[in-house]
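**Student:** task: produce atomic coordinates for the following.
(3 chains, ligands or ions: 8)
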Amino acid sequence: MAGSTGRWTGSDMHPAPSVILFTTLSGLGFGLLIFLGLGLPAVTGWTAFGFFLIAYVLAVGGLMASAFHLGHPERALKAFTQWQTSWLSREAVVAVAALLVMGIFAAPAVFLGLRLPVLGGLGAALSLATVIATAMIYTQLKTVPRWNQILTPLHFGSVALAGGALLAGQLTAAAVLLLAAGLIQIGHWRVGDTRFAEAGHTLATATGLGQPGRIRAFEAPHTGTNYLLREMVHVIGRKHALKLRGVALTLGYLVPLGLVLIPGAGHVLGGLAVLSHAAGMAASRWLFFAEAEHVLGLYYGRHG
Amino acid sequence: MGHPEPHLDLSPRVSDEVRKTTCYMCACRCGIDVHLKAGRVAYIEGNRDHPVNKGVLCAKGSAGIMQVNAPSRLRAPLRRTGPRGSGQFEEITWDEALQTAVDWMAPLRETAPQKLAFFTGRDQSQSLTSWWAQAFGTPNYAAHGGFCSVNMAAAGIYTMGGAFWEFGQPDWERTKLLLLFGVAEDHDSNPIKMGLGKLKARGARVIGINPIRTGYNAVADDWIGITPGTDGLLILSLIHCLLKAGKIDLDYLTRFTNAPVLVNEDPASPENGLFLRDARGKPLVLDRATGLPTAFDAPGVKPGLAHGYRRAGITHRPVFQILAERYLSDDYAPEAVAGRCGIPAPRIHALAAELARVAFDEAIEIPQPWTDFRGERQETMIGRPVAMHAMRGISAHSNGFQTARALHLLQILLGTVETPGGFRFKPPYPKPPEAHPKPHATATPGQPLKGPHLGYPMGPEDLALDADGRAQRIDKAFTWENPLSAHGLMHMVISNAHAGDPYRIDTLFLYMANMAWNSSMGTARTIEMLTDTDPETGDYVIPRIIYSDAYSSEMVAYADLILPDTTYLERHDCISLLDRPISEADAAGDAIRWPVVAPDRDVRGFQSVLLDLGARLGLPGFVADDGSPAYADYADYITRHERRPGIGPLMGFRNDGTATGRGAPNPEQLARYIENGSHFTHHIPEAAQFYKPWNMAYQEWAVSLGLYDSPQPYIFNLWLEPLRRFQLAAEGHGPHQPPDHLRTRIKATMDPLPVWYEPFEQAAIDTAAYPLHALTQRPMAMYHSWGSQNAWLRQIHGENPLYLPTNLWEDHGFTEGSWGRVTSPHGEITVPVAHMAALNPNTVWTWNAIGKRKGAWALDPDAPEATRGFLLNHLIHELLPPKGDGHRWANSDPITGQAAWFDLRVRIEKCPAPREAHPALPPLASPVGRGPKSLAWKIGR
Amino acid sequence: MTQLPTSTTRKLGLVIDLDTCVGCHACVIACKGWNTENYGAPLSDQDPYGAAPSGTFLNRVHSYEITPKTGPAQLVHFPKSCLHCEDAPCVTVCPTGASYKRVDDGIVLVNETDCIGCGLCAWACPYGAREMDKAAGVMKKCTLCVDRIYNENLPEIDREPACVRTCPAGARHFGDLGDPGSDVSQLVATRGGIDLMPEMGTKPVNKYLPPRPRDTWEQTDILAPFLTPVSETPQGFLGWLDRALDRL
Ligand SMILES: Nc1nc2c(c(=O)[nH]1)N[C@H]1C(S)=C(S)[C@@H](COP(=O)(O)OP(=O)(O)OC[C@H]3O[C@@H](n4cnc5c(=O)[nH]c(N)nc54)[C@H](O)[C@@H]3O)O[C@H]1N2
Ligand SMILES: Nc1nc2c(c(=O)[nH]1)N[C@H]1C(S)=C(S)[C@@H](COP(=O)(O)OP(=O)(O)OC[C@H]3O[C@@H](n4cnc5c(=O)[nH]c(N)nc54)[C@H](O)[C@@H]3O)O[C@H]1N2
Ligand code: SF4
Ligand code: SF4
Ligand code: SF4
Ligand code: SF4
Ligand code: SF4
Ligand SMILES: [Mo]
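**Tutor:** Ligands and ions are numbered 1, 2, ... in the order given. Model (predicted):
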């Protein structure tokens, strides 16, 4: 499409692994926390310790991974200040709140065998809110029409719940949630595929230079690449994307669903289901970022 | 609400000190403010008080900071240790280096000075380098003009006493219609952009005539995507239309041109085609008042155009009649040329009509009285606000000289040269060809040359041939092959020296020209010639090569001795009226550079080194009477040297600092220039600002400034008599006779009136096999080969695709990311391609000089410049393909010898993407290592 | 502060004339030079002499090709930097408050000491106007040369952005777009200045002046009188010449 030369036409680099890790892991972690908070299962003592450990490792690990993505992780505290306007700030605040509340909920459960359901409920709500806040960071971006849709928070939320249910060993809930999440995932893709066109952003509106079709990107500003191209303008082949969707759908939803539906599925199968789900979600998230289609790509000759 | 806005220092200190000097990244020579912090360059911006750029600066100029800190800078004199082309060197001291050079050169001077060939490239100190070569006594000196744009320069000077480039400019303030022929960037680059901006702000119309629509042509209101090499035809067709409609400035033609001069029309006469002259040699016109032949410049003469004159049985007709007869012919009708030019006939009609409309219906008049050279006083200055500007698009073809002549003819017929709203000269121009020197080329052992090397021949007797008719110069300039080669033929030096034709040389001394890469025709072949050895002796065929560069260029690897230069912020330079000054149409201007920072390496300014060499060789002018060096260094030379009594390199602050132009040297001169922002401007009085060739007020002003010693009024040469003299010789007249094989060509091409003929290469080959024209363009943000070492600029142009027009793109099934194999009659390259619709359908093109040799310029051998970048030069040959007549004809203009870069014809095929662009020459060892892995250049923290 | 001011006293910004821009990249490098030496961290370059050079630039010049229904194709050079949007999404997404819009003049800035380099603001900007500096790990963007336009160490005439000062073609204009009487506002009014991606609702302050119509060759018949032959024969031409000279 563009009169392209060299490497500027878009980065073939992968989206930052830290973000994929973050959203996948923290989703699972907070998903598990939701179930733990709700008392599903109502664990105490060492069992509780095991569950909470997994949940915290995943949630905190995810958060840490995302911190690696920062240019200045040492200033991360500053990110708590702008909760009034910034979803990223809100996410930080709610995440910490969720982790704190769940911590206060977990400690007596583990050490005293004491369960405080109200606190657990609050923690579960905060954990869900964290997942939704994370989703909103992406959903709010008008610049990425694929993300800028109601299904994005539903997708993040449903996946976190399904994953949480799997981890929490809530197999019935997991089955229902996996089905729902899978359907939402498909919906997210289908709606996402047309969002860019529907939003109406074209090279013509981007440049004000007349009708679409009349105008074409000729030379990029620099033959050298840049941050924007590396970060936001990925070129991903259609075939490749379809294949990955297949992988995501199969590993993320179908296989775990199949496994939990096997009567008397035990820990081994449950564990397999979790692993499969996590791998599928990694693929899904990789696609989520790789297919982002930021409008700035228009300026570089991407999209009509 | 969140937290309050942070405190911002809105007035940070910008620098400790600003030093004003002159930019160097191209020949435009803008004024710059160099901001220093802690003695280091922190920021460069344009000097608002400078006449050239008035504060603006181009990308290269602003990136000068990355040029001064480039890791590719040479650090010390080098002696070659490995074979030529390996890039292996050892550092030596300056004493060793200079002694070596003297040991090589001194014996040559005593025995055969012509065995030293000294050629300079992108330099800005030709008045010194030529003076040095003259003192040495070698005829073999020139700068790069022969491969650059001598067609433009010579056609301008021969036709109207001045050329485009930075020597003349459109009247940006007043013009209403600008035609740009074949300009991508030009030397006068910032002024052209500023001028275009002015026209745009005023809503004046710009028409771009260019096969490619980028840059200036992209902002042009109208674009004519002409087929390359056919501008001459288009222009002559416009002339046809204008003549037919009588839309020409008859008053101007009769008074200021040789239109009325009487020409001998007797085919049998040895004077056929020459002017009728009086006893003093003055060309004669028929006076309308008296009906008598009268000297063209006689006071009160009213030259006629309509009538001929018979004398001694010979018919004489005014130039204009012959001209009208020729161009009124239907051969030049738009319908007849449209196909060849690739422009619909109605468009040509429309363009001619628009020229006529603006020139005559929108004429302007300035209430400024002036007196012409015949003593006639005019009350006003009439302007025809049509301006034209042209550059290498018309001149880098083998028909370029005549095309440039045709363009000037068009300007002159409309009365737009040196009139308000038209085209204006910049001092020291106008200056007719007669006021320039003639070429000197006779070498005498131990003696200087009798006069300057380069000049303007007036006829066969001025050629640089020895008694046997052999070329005296190694580049065969001023021979029958290219009689008016006013700038020499640098592109022929290496191949002629290699062939030993006309003779062998010993030492090739090059300065600032990347001859082993982008400025050669046939890069790989040139490299072979530079490294070829004599099978008998095992010595290199070109035995010794001395080179001065400031950076680790490709050429460095092919020299035996390297004299490392400073960068432009570390030395003195002089932008002189004796050379290529920075004048404006209404002011003379010159400028200097001075060391605003000290070099941190063992390098020396080349001009100072040349003065030192001159002194060590004992060259006249370079040593004082007691044998000591005449000049301490270049700064001393700039201040004290006098070319003629009272005339030195700089015009400002002479004598006690109050004299301009003429005056004794002033030891404080450089200090005064520095105080003045490193430049000096001397304004032309208002009554002298137009009609300069004929305006006595201007002539007297020019004499007072020392541009010439007596007034030199002249008339424009519509009919170019010197060309006719060569034609006459080819017809068999006169004592100086061309070789027989050249007669036909001389007769056909050296027409005293502009002609168009098919560019040589396409006439010599099967164009069906090579259907495409292949061109290069200057990228605005790169200077030839040496922008690539600039960390900022190379991110903009780090590689170059070959752009293909839509028809070709689709027919060959190219898609994004495709590669193509491009073949010319001389070679083959494999390169990335890209699509461009705003392009002539028979043309492909790329950016010039982006491709780099692996290992050069301190770049990674895998740099995109070396793996995806490429040169078209591999496809170009300095000779045309063999014609089977026993001669390899030069790929040059037959009149000036200008390299015909843009005559290149190619074909293209789609091919699988290779690992890297071809040809890929083996890497050079880098004498300077590699650049750092990251950069964050901040001086003040 | 991440909240946008409800209104700003002035709306300083650039007006870029696409009819005049020759695509010379002068503004790109002047910007790089000034902002490397001034405001905040230098604009760094990675692998500057290597195989994949990449650096931070706050202003880049694109080029676009237009193929109209009739007439030849055209090329438009298109410089782009931050547009200092009134409704700047880059500001509201910032979690740290490092991104803010100045109340006084509407300039959108990054306070580099607060920036954690999360990159979200760059994602939020539709125009690709923000670049993370790899060496410094902070977000960089056009500052509208806030350290020039008020700088008392500079002569008054130089208190304009580096890119505007350097532009050889005069294609860049700087001023208060909130003042309808300002030169820039007048220019926008007379030349029909436009917003980029208006549908984004960002309300950019910077405006672009579209290229004037190109290749509008006048009808030959309008110009035909200018080419009426003086005569159809060579004799006739000489006769005309004689008469015309007599009239001089
Ligand atoms: N295909 C194609 N080829 C062309 C052209 C074209 O249009 N198409 N154009 C031709 C024309 S017009 C020209 S003028 C030539 C130009 O070609 P060259 O004359 O080769 O010009 P540059 O590549 O600029 O090389 C100049 C050399 O000077 C060195 N240099 C730079 N600064 C300094 C300094 O301060 N001191 C010293 N001593 N050296 C320095 C550089 O490092 C470089 O090695 O190319 C010609 N070649
Ligand atoms: N930025 C920058 N500036 C430079 C230089 C540089 O390297 N970089 N080099 C300097 C030097 S040495 C020189 S000589 C000048 C050259 O200045 P220009 O002559 O402006 O430079 P070129 O890029 O050679 O441009 C030639 C133009 O002619 C067009 N052209 C080619 N063939 C034809 C034709 O047959 N007819 C018409 N009408 N057009 C044609 C090409 O498309 C191109 O636009 O630039 C000088 N200025
Ligand atoms: S045009 Fe650019 S490179 Fe040339 S002298 Fe001026 S500022 Fe320097
Ligand atoms: S252009 Fe981008 S960075 Fe600038 S204010 Fe608008 S959204 Fe923010
Ligand atoms: S990168 Fe810096 S300025 Fe941008 S959103 Fe993050 S913290 Fe704010
Ligand atoms: S206003 Fe300043 S920071 Fe912004 S693009 Fe121009 S030079 Fe760069
Ligand atoms: S400096 Fe001016 S003409 Fe050059 S690219 Fe920038 S806006 Fe365009
Ligand atoms: Mo040149």
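**Student:** ranges for the strands of the stretch 751-900 of chain B?
**Tutor:** In chain order, the stretch 751-900 of chain B shows strands spanning B:772-777, B:802-804, B:819-824, B:827-835, B:843-847, with DSSP state E, counting those that start in this stretch as the criterion.
**Student:** any idea which of those gets closest to B:Val34?
**Tutor:** Comparing the strands of the stretch 751-900 of chain B against B:Val34 with Cβ to Cβ, the closest turns out to be strand B:843-847 (28.5 Å). Yep, even glycine has a C-beta here, placed from its N, CA and C like the rest.
**Student:** show me what the closest one is packed against.
**Tutor:** If you count contacts as 3 or more Cβ pairs under 8 Å, 6 or more residues apart in numbering or on different chains; DSSP states H and E, strand B:843-847 packs onto strand B:772-777, strand B:802-804.
**Student:** run a quick neighbour tally on B:Gly451.
**Tutor:** A count of neighbours around B:Gly451, defined by other Cβ atoms under 10 Å in any protein chain shown, yields 13.
**Student:** of the helices and strands packed on strand B:843-847, which stretch is the most buried?
**Tutor:** Compared across these, strand B:802-804 shows the largest average neighbour count, a mean of 26 (mean count of other Cβ atoms under 10 Å in any protein chain shown).
**Student:** roughly how far is that one from the heart of the chain?
**Tutor:** Computed by Cα atoms, centre = their mean, to the nearest Å, the chain-centroid distance of strand B:802-804 equals 26 Å.
**Student:** which residues touch that strand?
**Tutor:** Residues from elsewhere that reach strand B:802-804 (Cβ atoms under 8 Å, 6 or more residues apart in numbering or on different chains): A:3, B:212, B:812, B:814, B:820, B:822, B:831-836, B:839, B:844-846, B:870, B:908.
**Student:** hang on, the earlier thing: could you export the helices and strands packed on strand B:843-847 as CSV, including distance to C:Asp215?
**Tutor:** Listed next are these as CSV, based on distance: least, Cβ to Cβ, whole Å:
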stretch, distance to C:Asp215
strand B:772-777, 21
strand B:802-804, 20
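**Student:** now those strands in a markdown table, with distance to B:Ala702 and mean pLDDT?
**Tutor:** Conversion of those to a markdown table gives the following (distance: least, Cβ to Cβ, whole Å; pLDDT from 0 to 100):
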| stretch | distance to B:Ala702 | mean pLDDT |
| --- | --- | --- |
| strand B:772-777 | 36 | 98 |
| strand B:802-804 | 45 | 98 |
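**Student:** quick one, which of the ones you listed is nearest to B:Pro437?
**Tutor:** Nearest to B:Pro437 among these is strand B:772-777 (32.8 Å), distances taken as Cβ to Cβ.
**Student:** do that closest one and chain C meet at all?
**Tutor:** No - using Cβ under 8 Å from any Cβ of the partner chain, strand B:772-777 never reaches chain C; the gap is at least 11.9 Å.
**Student:** related to what we said a few turns ago, can I get the strands of the stretch 751-900 of chain B in CSV with distance to C:Phe78?
**Tutor:** Below are the strands of the stretch 751-900 of chain B laid out as CSV (distance: least, Cβ to Cβ, whole Å):
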stretch, distance to C:Phe78
strand B:772-777, 19
strand B:802-804, 18
strand B:819-824, 27
strand B:827-835, 17
strand B:843-847, 18
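**Student:** wait, which of those strands is closest to B:Leu875?
**Tutor:** Comparing the strands of the stretch 751-900 of chain B under Cβ to Cβ, the one sitting nearest is strand B:819-824, at 3.8 Å.
**Student:** looking at the helices and strands packed on strand B:843-847, which is closest to B:Asp893?
**Tutor:** strand B:772-777 (16.8 Å).
**Student:** and stretch B:20-40, what's buried?
**Tutor:** In terms of neighbour count (16 or more other Cβ atoms under 10 Å in any protein chain shown), stretch B:20-40 has its buried residues at B:20-37, B:40.
**Student:** quick one on the thing from earlier: whichever of the contacts of strand B:802-804 end up buried, select them in PyMOL.
**Tutor:** Selecting only the buried members of the contacts of strand B:802-804 in PyMOL, with burial defined as 16+ other Cβ under 10 Å, works like this:
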select buried, (chain A and resi 3) or (chain B and resi 212+814+820+822+831+832+833+834+835+836+839+844+845+846+870+908)
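**Student:** where does the chain have low pLDDT?
**Tutor:** Picking chain A for this. Applying pLDDT under 70 to the predicted model, the residue ranges of chain A that meet it are A:1-14, A:304.
**Student:** you looked at the wrong chain, it should be chain C
**Tutor:** Low-confidence segments of chain C, defined by pLDDT under 70: C:1-2, C:218-220.
**Student:** show me what from it comes close to ligand 6.
**Tutor:** Of all the residues in chain C, those in contact range of ligand 6 (Cβ under 6 Å from any ligand atom) are C:31, C:34-35, C:58-59, C:81, C:142-145, C:161-163.
**Student:** residues contacting the one residue in the stretch 701-850 of chain B that gets nearest to ligand 5?
**Tutor:** Of the stretch 701-850 of chain B, the residue with the smallest distance to ligand 5, taken as Cβ to the nearest ligand atom, is B:Gln795 at 22.4 Å. Neighbour list for B:Gln795: A:222-224, C:45, C:53-55, C:57 [criterion: Cβ under 8 Å, 6+ apart].
**Student:** tell me the most packed of those, by neighbour count.
**Tutor:** In terms of neighbours by other Cβ under 10 Å, those top out with C:Asp45 at 30 neighbours.
**Student:** one step back: from the residues of chain C next to ligand 6, which land in helices?
**Tutor:** With helices taken from DSSP state H, the overlap with the residues of chain C next to ligand 6 comprises C:31, C:34-35, C:162-163.
**Student:** how about those residues, which pair is most distant?
**Tutor:** Comparing the members of these, the greatest separation, given Cβ to Cβ, is between C:Asn35 and C:Cys163, at 9.9 Å.
**Student:** nice, that's everything, thank you.
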